[in-house]
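Engineer: Show me the folded form of this:
(chains A and B)
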Amino acid sequence: MIAKAYFGRRYALSASHRLHSDLLSEEENRTTYGKCNNPFGHGHNYIVEVVVGGEVDPETGMVLNMATLDEVVQHNVLERFDHTNLNFDPMFVDRVPTTENLCREIFRLLEKSLPKVDLARVRVEETENNFFEFCGD
Amino acid sequence: MIELTRRATFSASHYYWNDAWTEEKNEKVFGRCARRNGHGHNYTLEVTVAGVPDAVTGFVVDLKWLKDVIEKEVLSVYDHRHLNLEVPEFVDTKVIPTTENIAIATWKRLDPAVTRAGGARLSRVRVYETPEIFAEYKGGL
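Structural biologist: Numbering: from 1, shown residues only, chains lettered A, B, ... in the order given. Have a look, this model is predicted:
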């Protein structure tokens, strides 16, 4: 019998952002985003939780080697976003860097780099009280 | 003497930069914190006051009052702001908004209000930049 299991790991990154949509007027931006629209931005300690699913390898007993996941997340996510201003990332030039959008883009970046397992879920915590999840389209 | 602590949080962005240094030296000393587009944190502030519990109320200070003081003196200035560009004590790189300096600046913002109110004194300000890093200031040098 094939055993399927899920493996999750959490990573931290610190970044700043400003929520502002070019599709909205100045007033609409202020109304929609409130203090998150303040012109110079603000920042968060984000937690990125990555959950992968797959068969438990009978030789290793693992779904995915933790070191492999660490390398993939480090290379594709942390090196790109940690200690940056998200609004300046090419991904967010024409898209608002809400944590919903960040969560979905992180999912897509990781999905391409983890071909041997199913990326089950990416969860991004913006503060202790807010989080966003994306499980793929 | 009892110490009483109230916790508050704010989210802000910042970068580390010393104008007296070259770009190379800033990058060498401050690393990725020197990136000029900045980055940000969820800061946690712990404000500790010390005093004797009031004989009638049993309070060292009224915690709702302390909450309002923190909101007015600190959070309304720091929360959802870029510390280097918008907060007076840090603009024009007068003071680099390190966690240490944020602790000192927070103390300076709170101490007059706590002293004015009488009854208790400000004992300690602790600022967490991340859950793993914090700085404390207890006044003085």
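
Engineer: count of residues packed around B:Tyr82?
Structural biologist: No Tyr there; residue B:82 is His. Neighbourhood size, B:His82 [other CB atoms under 10 Å in any protein chain shown]: 25. In this view, the C-beta of every residue, glycine as well, is placed from N, C-alpha and C.

Engineer: So which residues on chain A come close to chain B?
Structural biologist: A:12, A:14-17, A:35-36, A:38, A:40-45, A:82-85, A:88, A:127-128 (CB under 8 Å from any CB of the partner chain).

Engineer: So among these, which ones count as buried?
Structural biologist: Buried by 16 or more other CB atoms under 10 Å in any protein chain shown: A:14-17, A:36, A:38, A:40-45, A:82-85, out of the residues of chain A next to chain B.

Engineer: near chain A at all, the host helix or strand of B:Ile102?
Structural biologist: Using DSSP states H and E, the element containing B:Ile102 is helix B:99-117. No: Helix B:99-117 lies apart from chain A when judged by CB under 8 Å from any CB; the minimum separation is 12.1 Å.

Engineer: How about residues contacting that helix?
Structural biologist: By CB atoms under 8 Å, 6 or more residues apart in numbering or on different chains, the residues outside helix B:99-117 that reach it are B:43, B:45, B:47, B:49, B:61, B:65, B:69-70, B:72-74, B:77-78, B:83, B:87, B:89-90, B:95, B:120-122, B:125-129, B:133-137, B:139.

Engineer: Quick one: name whatever helix or strand follows that helix.
Structural biologist: In N-to-C order, the element after helix B:99-117 by DSSP H and E is strand B:120-130.

Engineer: Which pLDDT value does the model give the residue lying closest to A:Asn76 once chain neighbours are set aside?
Structural biologist: Distance criterion CB to CB, 6 or more residues apart in numbering or on different chains; nearest residue to A:Asn76, sequence neighbours excluded, is A:Leu109 at 4.7 Å. In this model, A:Leu109 is scored at 96, pLDDT.

Engineer: Tell me which residues of the helix or strand where A:Leu109 lies come out buried.
Structural biologist: In the assignment (DSSP H and E), A:Leu109 maps to helix A:99-113. In terms of neighbour count (16+ other CB under 10 Å), helix A:99-113 has its buried residues at A:99, A:101-107, A:109-110.

Engineer: now swap in stretch A:111-131 and tell me
Structural biologist: Here stretch A:111-131 shows A:114, A:117, A:119, A:121-126 as buried, counting by 16+ other CB under 10 Å.

Engineer: what do you get for stretch A:62-81?
Structural biologist: A:63-64, A:69, A:72-73, A:76-77, A:80-81.

Engineer: now the residues you listed as CSV including pLDDT and secondary structure?
Structural biologist: Output for these, formatted as CSV (pLDDT from 0 to 100; DSSP: H, G, I helix; E, B strand; the rest coil):
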residue, pLDDT, secondary structure
A:Val63, 91, coil
A:Leu64, 93, coil
A:Leu69, 96, helix
A:Val72, 97, helix
A:Val73, 98, helix
A:Asn76, 97, helix
A:Val77, 98, helix
A:Arg80, 98, helix
A:Phe81, 98, helix
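
Engineer: which residues touch the closest residue to chain A within chain B?
Structural biologist: Among the residues of chain B, B:Gly40 lies closest to chain A, at 0.5 Å counting by CB to the nearest CB. For B:Gly40, the contacting residues are A:14-17, A:41-44, B:11-14, by CB under 8 Å, 6+ apart.

Engineer: Those in strands, which ones?
Structural biologist: Among the contacts of B:Gly40, DSSP state E puts A:14-17, A:42-44, B:11-14 in strands.

Engineer: Kindly give the local confidence score, pLDDT, for the residue in chain A that chain B sits nearest to.
Structural biologist: Among the residues of chain A, A:Gly43 lies closest to chain B, at 0.5 Å counting by CB to the nearest CB. Note on A:Gly43: pLDDT of 96.

Engineer: which residues in chain A form strands?
Structural biologist: A:4-17, A:42-55, A:84-85, A:118-125, A:131-134.

Engineer: which residues in chain B form strands?
Structural biologist: Going by DSSP E, chain B shows strands at B:2-14, B:39-51, B:81-82, B:120-130, B:133-137.

Engineer: mind listing what the second one pairs with, with the direction of each?
Structural biologist: It refers to strand B:39-51. strand B:2-14 (antiparallel), strand B:120-130 (antiparallel) (DSSP bridges).

Engineer: mind putting the ones you listed in a markdown table, mean neighbour count and distance to A:Glu55 included?
Structural biologist: Listed next are the strands paired with strand B:39-51 as a markdown table, based on neighbours: other CB atoms under 10 Å in any protein chain shown; distance: least, CB to CB, whole Å:
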| stretch | mean neighbour count | distance to A:Glu55 |
| --- | --- | --- |
| strand B:2-14 | 18 | 41 |
| strand B:120-130 | 20 | 36 |
